[in-house]
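J.: Sequence plus the predicted model coming up.
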Amino acid sequence: KQEVTQIPAALSVPEGENLVLNCSFTDSAIYNLQWFRQDPGKGLTSLLLIQSSQREQTSGRLNASLDKSSGRSTLYIAASQPGDSATYLCAVTNSGYALNFGKGTSLLVTP
Amino acid sequence: SQTIHQWPATLVQPVGSPLSLECTVEGTSNPNLYWYRQAAGRGLQLLFYSVGIGQISSEVPQNLSASRPQDRQFILSSKKLLLSDSGFYLCAQRGSMNTEAFFGQGTRLTVV
């Protein structure tokens, strides 16, 4: 059974800092990995999708990397802003249809 | 663009009452559809998924059921709610296992 872990569980940084969120998974036979953002009381917003054959994806100030063999992905946020404050979730898809989620990293960016 | 509609946004129901949550999808055909539940302090738990009309797979034994009467409609139901059914229910869709998943805005269910 796929287990997804996100470290740290919570993170507080001052505005302008670059930061890295981590996601690890136990079964490396994945189809893809997707990063999401969740604001309090809201649904999930897709940030980046990385296919198993890819090493990284970029969107604006976000860069996600994937090392399938070691079971790790990182989400890099450049020049953080207070509007980046949210919970960030990673999800992996294996041979089944499910997205298997970690419990998320709660990010607070202070002005 | 792909849009997911979920309603209602919030719901307070007494124990033992029935439940029906609806999810409809626009902008895509024959999507894979999902119901997830997010409980406080826990991760997202997959409840049901569907790869086509009338095709429902359940991930965990529970008090809930799901149906897909139309290609872009997914319904979560219960005949009698339990306190433990409280949580944040999210509907999601994607074209296939290899494509991006999109989520609705969720329904906050409180069973009292």
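T.: Now that the structure is in, tell me what you want to look at. Numbers count the residues shown, from 1 in each chain, chains lettered A, B, ... in the order given.
J.: For chain A, which residues are neighbours of chain B?
T.: Proximity of chain A to chain B is confined to A:4, A:31-32, A:34, A:36, A:41-46, A:49, A:51, A:89, A:91, A:93, A:97-104 under the rule Cβ under 8 Å from any Cβ of the partner chain. Where C-beta positions appear, they are placed from N, C-alpha and C, glycine not excepted.
J.: what do you get if the cut-off is 10 Å, keeping everything else the same?
T.: Contact residues, chain A versus chain B (Cβ under 10 Å from any Cβ of the partner chain): A:4, A:6, A:31-32, A:34, A:36, A:38, A:41-49, A:51-52, A:89, A:91, A:93-104.
J.: From chain A, how far out is the residue nearest the centre of chain B?
T.: Nearest to the mean C-alpha position of chain B, by Cα atoms, centre = their mean, lies B:W35 at 3.1 Å. Spatial separation of B:W35 from chain A under the definition Cβ to the nearest Cβ, to the nearest Å is 11 Å.
J.: Report the beta-bridge partner residues of the residue nearest to B:A40 when sequence neighbours are not counted.
T.: If the residues on either side of it in the chain are set aside, B:A40 comes closest to B:G87, at 7.8 Å by Cβ to Cβ, 6 or more residues apart in numbering or on different chains. With beta bridges defined as DSSP bridges, B:G87 has these partners: B:L109.
J.: Confirm for me that B:G87 is in contact with B:A39.
T.: Yes: between B:G87 and B:A39 a contact is recorded at 4.5 Å, counting by Cβ atoms under 10 Å.
J.: picking up where we left off before, can you tell me which residues contact the residue nearest to B:A40?
T.: Remark: with contacts taken as Cβ atoms under 10 Å, 6 or more residues apart in numbering or on different chains, B:G87 is in contact with B:36-40, B:42, B:45, B:47, B:106-111.
J.: hang on, the earlier thing: any chance of a ChimeraX selection covering the buried ones in the residues of chain A next to chain B?
T.: Only the buried members of the residues of chain A next to chain B enter the following ChimeraX selection, criterion being 16 or more other Cβ atoms under 10 Å in any protein chain shown:
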select /A:4,6,31,32,34,36,38,43,44,46,47,48,49,52,89,91,93,94,97,98,99,100,101,102,103,104
